[in-house]
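[1] Starting from these lines, generate the structure:
(one chain, ligands or ions: 1)
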Amino acid sequence: KNFPPGPRPIPIFGNMLQLNLESPIDDLERLAKHYGNVYSLYIGPKPAVVVNGLQALKEAFVTKAADFSGRPQDLMVNHAIMVKANAPGVILADYSPGWREQRRFGLMTLRNLGLGKLSMEQRILGEIHRIIKPLEQSVGKTINPKLLFHNAASNIICQVLFARQFEYDDEFMKFFVDLFHETSKIINGRWGMIYDSIPMVRNLPLPFQKAFKLFKMAHERRLELLAENKKSRVPGKPRHFIDCYLDEMDKRGDDGSSFSEDQLCAFILDLHFAGTDTTANTMLTAFLYLMNYPQIQERCQQEIDRVLDGKDQASFEDRHQMPYVQAVIHEIQRMANTVPLAVFHSTTNDTELMGYSIPRGTVIIPNLSSVLFEEGQWKSPHEFNPENFLNDQGEFVKPEAFMPFSTGPRMCLGEGLARMELFLFLVTLLRMFKFIWPEDAGEPDYIPVYGTTQTPKPYLMKVQFRKTT
Ligand code: HEM
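    Reported below is the predicted structural model:
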């Protein structure tokens, strides 16, 4: 009663056959125009509510955060990723004291690791220097940057997690970068939808079983890594995230908390998974736009040259002197729309949203995409225009509707790290190189390939030196 309105579901499939599963974003927008900013959809027999627009998203995830910060527990993604019971990691953990404890520990540890001997900034800059070499070798030629950016983003998170920097052709590295790619495709695609909609097919030998197999293999690799790490660890002298976690377990003993080795394995996968495709795909979007808006690329370079004049390398602090670069990076994130539907939430209580009643346990789909392009929130909602983040004085401003990291208690845990990576990568590379859209590449296609994380279609970029360094 008083449940949000929505299109009529059909038996077994719910509304899933009424959506373009290749990319449901346009359909979701069309439905919002018809039913309003809060409407219902059925995933098979399961009711879900799609939340659109700044006002409704704020009411749900900020004002009524405790009611809207759960996670669904019965989707394919839960079953495939959660290899051990009682070890849900952080991303998929339901709203609970255990999730809060793990999240708080994660945030604190990422901050503390950044303050250690080897600052986060140095780790990121070290990785950028590795990708400079292949870019230098590509000067005058074209290069597909996809793998380069994915490997770099994966390596940064690997340094944080276990202080290891892998060669880009290392087997471990390849396994995980492929795992993220393959499993996202399955979970997000038709087979994932069939798994979620029709519970009776779940044990059949259908293509979604591959995701289960890959996650099991990934779990075994993490167990090996953990065992190796325990041999070289000195308690009380943490070198990285795993050591910090083991120290925390020692400190807590048997206090009945949520800390355990299984939970650590799940946490590592979460951070590695969430920290790789997201940042790498945003970087790919950045270069797609910068090549095709050469005047914007040049204006960034002028600001970078001025602020870094006489300095060896960029530091994250420099962003305060670079309002234009900041505006461009934020505008890239807006257009990239990297995680368009966030991670699904669920209601923890019977509650209300924008006047509708929503029962406990309903799947909530946060349509972040709807806010990033919402009319009335942006100077140019549908165009790439850094002015969206500049005021009349040319100062950087961040509108409330900028929420690619979502909002509320479940907001991205890696936002700080991601922002630092994007800034240092772009500033360092734009300082050295000019990136050019190849003459024979045709018109750029800005429409991303849909997924939990969206990515631009593959492209080539031409690289030139700006000046010798
Ligand atoms: C441009 C890069 C990134 C974007 C756009 C992004 C975006 C997001 C979004 C939209 C969510 C879901 C929030 C919600 O459910 O409401 C999320 C969750 C999360 N992200 Fe990110 N993310 C990025 C990078 C990272 C990085 C680098 C890390 C790891 C260090 C990370 C770790 C996480 C974790 C652990 C969660 C789950 C938080 C929770 O459930 O409490 N993310 N992210």
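
[2] From now on I want contacts and neighbour counts done on CA atoms only, so please keep to that.
    Fine.

[3] and the residue nearest the centre of the chain, what element?
    Closest residue to the average C-alpha location of the chain: Thr278 at 3.6 Å, with Cα atoms, centre = their mean. Secondary structure assignment for Thr278, by DSSP states H and E: helix 261-292.

[4] Please identify the buried residues of that helix?
    262-292 (16 or more other Cα atoms under 10 Å).

[5] Let me see the ranges of the helices in the stretch 301-450 of the chain.
    Using DSSP state H, counting those that start in this stretch, the helices of the stretch 301-450 of the chain run over 323-336, 368-372, 415-432.

[6] what's the answer for the stretch 101-250 of the chain, then?
    Using DSSP H, counting those that start in this stretch, helices in the stretch 101-250 of the chain cover 120-137, 146-162, 171-188, 190-197, 209-232, 241-252.

[7] centre of the chain versus the longest one, how much separation?
    To tie it back to what came earlier, the one meant is helix 209-232. Helix 209-232 sits 22 Å away from the centroid of its parent chain (Cα atoms, centre = their mean, to the nearest Å).

[8] from here on, count from 347
    I'll keep to 347 as the first residue from here, and by that count the last item is helix 555-578.

[9] Poorly predicted segments of the stretch 397-546 of the chain, please.
    461-464 (pLDDT under 70).

[10] what residues does it put near the ligand?
    For the stretch 397-546 of the chain, the residues in contact with the ligand (Cα under 6 Å from any ligand atom) are Val436, Ile437.

[11] Residue of the stretch 397-546 of the chain closest to the ligand, please.
    Residue nearest to the ligand within the stretch 397-546 of the chain: Ile437 (3.7 Å; Cα to the nearest ligand atom).

[12] And the residue of the stretch 547-696 of the chain closest to the ligand?
    Taking Cα to the nearest ligand atom, the stretch 547-696 of the chain has Gly621 as its residue nearest the ligand, at 3.4 Å.

[13] quick one, what contacts that residue?
    Ala499, Ser500, Ile503, Gly760, Ala764 (Cα atoms under 8 Å, 6 or more residues apart in numbering).

[14] Narrow the residues you listed to just the buried residues.
    Here, 16+ other Cα under 10 Å leaves Ala499, Ser500, Ile503, Ala764 buried among those.

[15] Among those, which pair sits farthest apart?
    Spatial extent of the buried ones among the contacts of Gly621 (Cα to Cα) is set by the pair Ser500 and Ala764 at 11.8 Å.

[16] List the contacts of Gly352.
    Applying Cα under 8 Å, 6+ apart, the residues near Gly352 are Leu377, Tyr381, Tyr385, Ser386, Leu387.

[17] does it count as helix, strand or coil?
    coil (DSSP: H, G, I helix; E, B strand; the rest coil).

[18] gap between it and Asp696?
    Relative to Asp696, Gly352 is positioned 19 Å away (Cα to Cα, to the nearest Å).

[19] just Gln401 next, same as before
    Counting by Cα to Cα - Gln401 and Asp696 are separated by 20 Å.

[20] can you give me how far stretch 790-805 is from the chain middle?
    On Cα atoms, centre = their mean, the centre of stretch 790-805 falls 14 Å from that of its chain.

[21] Equivalent analysis for stretch 738-745, please.
    The answer for stretch 738-745 is 25 Å, by Cα atoms, centre = their mean.

[22] didn't Ala626 look like it was pressed against Asn501?
    No. Applying Cα atoms under 8 Å as the test, Ala626 and Asn501 come out as separate, 11.2 Å apart.

[23] got the contacts of Gly352 as a markdown table, with secondary structure columns?
    Output for the contacts of Gly352, formatted as a markdown table (three-state DSSP):
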| residue | secondary structure |
| --- | --- |
| Leu377 | helix |
| Tyr381 | helix |
| Tyr385 | strand |
| Ser386 | strand |
| Leu387 | strand |
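
[24] For PyMOL, what selects the buried ones among the residues you listed?
    Buried subset of those, written as a PyMOL selection, criterion 16+ other Cα under 10 Å:
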select buried, resi 377+385+386+387
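
[25] which of the contacts of Gly352 lies closest to Ser484?
    Within those, proximity to Ser484 (Cα to Cα) peaks at Leu377, which comes in at 45.7 Å.

[26] for the closest one, what are its contacts?
    Gly352, Tyr385.

[27] Give me the pLDDT value at it.
    Confidence at Leu377, expressed as pLDDT, is 97.

[28] Compute the distance between it and Arg568, please.
    42 Å.

[29] and if you look at Asp372?
    Asp372 is 38 Å from Arg568, by Cα to Cα.

[30] surely Trp586 meets Ile503?
    Wrong residue type there; residue 586 is His, not Trp. No. Using Cα under 8 Å, His586 is not in contact with Ile503; the gap is 10.5 Å.

[31] quick one, strands of the stretch 697-815 of the chain?
    For the stretch 697-815 of the chain, the strands defined by DSSP state E, counting those that start in this stretch occupy 697-699, 702-704, 709-713, 779-782, 807-811.

[32] tell me how far the strand or helix carrying Arg376 is from the chain's mean position?
    Element membership for Arg376, per DSSP H and E: helix 371-381. The chain centre lies 23 Å from the centre of helix 371-381; the measure is Cα atoms, centre = their mean.

[33] what does stretch 688-704 give?
    A distance of 23 Å separates the centroid of the chain from that of stretch 688-704, by Cα atoms, centre = their mean.

[34] buried sites along it?
    The neighbour-count check on stretch 688-704 (16+ other Cα under 10 Å) flags Ala688, Val689, Phe690, His691, Ser692, Thr693, Thr694, Thr697, Glu698, Leu699, Ile704 as buried.

[35] Could I get these in JSON lines, plus columns for pLDDT and distance to the ligand?
    Output for these, formatted as JSON lines (pLDDT from 0 to 100; distance: Cα to the nearest ligand atom, whole Å):
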{"residue": "Ala688", "pLDDT": "95", "distance to the ligand": "4"}
{"residue": "Val689", "pLDDT": "95", "distance to the ligand": "4"}
{"residue": "Phe690", "pLDDT": "96", "distance to the ligand": "6"}
{"residue": "His691", "pLDDT": "98", "distance to the ligand": "6"}
{"residue": "Ser692", "pLDDT": "98", "distance to the ligand": "10"}
{"residue": "Thr693", "pLDDT": "98", "distance to the ligand": "12"}
{"residue": "Thr694", "pLDDT": "98", "distance to the ligand": "14"}
{"residue": "Thr697", "pLDDT": "98", "distance to the ligand": "18"}
{"residue": "Glu698", "pLDDT": "98", "distance to the ligand": "18"}
{"residue": "Leu699", "pLDDT": "98", "distance to the ligand": "16"}
{"residue": "Ile704", "pLDDT": "98", "distance to the ligand": "18"}
